[in-house]
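Enquirer: Everything below, folded, please.
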Amino acid sequence: MPRFSHAATALLVIILGSQIPGVPLANAQAKTKSNAEKDVAYKEDPPDVPDTIAAPAGEEVILYAHGTGSQIYTCQSSADGIFAWTLKAPDAELHDRKDKVIGSHSAGPSWKLKDGSEVTGKAAAHVDSLGGESIPWLLVNAVGHAGKGLLTTVTTIQRVRTHGGMPPDDVCDAAHVNTESKSSYSADYYFYAPSKGSEESKPGRL
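Expert: Next comes the predicted model:
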C-alpha cells in the first residue's frame with residue numbers, strides 16, 4: 001500500500017510539473033492578444049453626406065477632428081463698389097474624440113497637427129448646412145503638404161455638421177473698410193487618404 005501511495009504521488013508530481021510551464025504561456029498568449037486588440041486603431045466611418053461633397057472612390061478616412069473657434073471676416077468693397085463681409089481665415093483648434101487638442105486650423109485653408117504634419121486645401125464643392133443658418137459643408141482637395149506625420153498622405157477633406165460661423169450682421173460700409181469681425185463656429189472635419197491596396201496608394205503614385 002505505501003508503495004502505491006509513493007508511486008501515485010510521483011505520478012501526480014510529473015503530471016503537474018508538465019502542466020505548470022503551460023500556465024504562464026497561456027496567460028502570456030492571452031495578454032498578448034489583449035494588447036494587440038487594444039493596439040488596433042479605431043476606424044472612422046465616413047459621414048453621411050450628399051453626393052456633391054462625397055469623397056472620391058478608393059479613399060478612406062484616416063482622421064476625424066472636431067474644430068471649434070472662429071471664422072474671421074473683414075469688411076471689403078467689391079470692384080463695383082458694393083461693401084460686404086468677406087471671409088479672411090478660420091482660426092480654430094482641432095480636437096480628437098476624447099476632446100484632446102491635436103492641432104489647429106487656419107488660413108490657407110490649412111490644417112496642422114501636433115505631430116508636425118500639415119495639409120493645405122482648396123474647396124472643390126459645397127452644400128448648404130442643415131437649416132441654412134451655418135456655414136456650408138465642404139469638400140476640399142489637398143493642394144499642398146508640409147512636415148511628416150498623419151496628414152502627409154491626405155488627399156481630401158470634408159467639413160460637415162457645421163454650427164455658426166456665418167458673416168456678421170454688423171454694418172459694413174466705407175467707414176468700416178478693413179474692419180475685422182469674428183463669428184464663433186464649430187464643425188467636424190474628416191481627412192481622407194487612398195485606401196490600402198488602391199492604385200493611388202501604390203509606390204510611384206502621386
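
Enquirer: Is Ile157 in contact with Asp188, as I believe?
Expert: No - the pair formed by Ile157 and Asp188 falls short of the contact definition of Cβ atoms under 8 Å, at 10.9 Å. Quick note: C-beta positions are derived from backbone N, CA and C, even for glycine.

Enquirer: between these two, who's got more neighbours?
Expert: Legend: neighbour count by other Cβ atoms under 10 Å for Ile157 and Asp188, higher for Ile157 (25 against 16).

Enquirer: Double-check that Gly103 belongs to a strand.
Expert: Yes - applying DSSP: H, G, I helix; E, B strand; the rest coil, one finds Gly103 inside a strand.

Enquirer: wait, isn't it in contact with Ala65?
Expert: Yes - between Gly103 and Ala65 there is a contact at 6.9 Å, judged by Cβ under 8 Å.

Enquirer: residues bridging contact with those two, i.e. touching both?
Expert: Any residue near both Gly103 and Ala65 by Cβ atoms under 8 Å, 6 or more residues apart in numbering counts here, and that gives 94, 111.

Enquirer: how near is Asp48 to Gly164?
Expert: Remark: distance between Asp48 and Gly164 (Cβ to Cβ, to the nearest Å) = 21 Å.

Enquirer: swap that for Ser110, please
Expert: For Ser110 relative to Gly164 (Cβ to Cβ), the value is 21 Å.

Enquirer: right, and the helix or strand after the longest strand seen in the chain?
Expert: Taking DSSP state E as the criterion, the chain has its longest strand at strand 59-77. Once strand 59-77 ends, the next helix or strand along the chain (criterion: DSSP states H and E) is strand 83-95.

Enquirer: neighbouring contacts of stretch 146-158?
Expert: Under Cβ under 8 Å, 6+ apart, the answer for stretch 146-158 is 46-47, 49, 53, 55-56, 59, 62-63, 111-113, 115-121, 137-142, 145, 189-194, 200-201.

Enquirer: If you count neighbours, what's buried in that stretch?
Expert: Residues of stretch 146-158 classed as buried: 149-158 (neighbour count, 16 or more other Cβ atoms under 10 Å).

Enquirer: centre of the chain versus that stretch, how much separation?
Expert: For stretch 146-158, the separation from the chain centroid amounts to 10 Å (computed by Cα atoms, centre = their mean, to the nearest Å).
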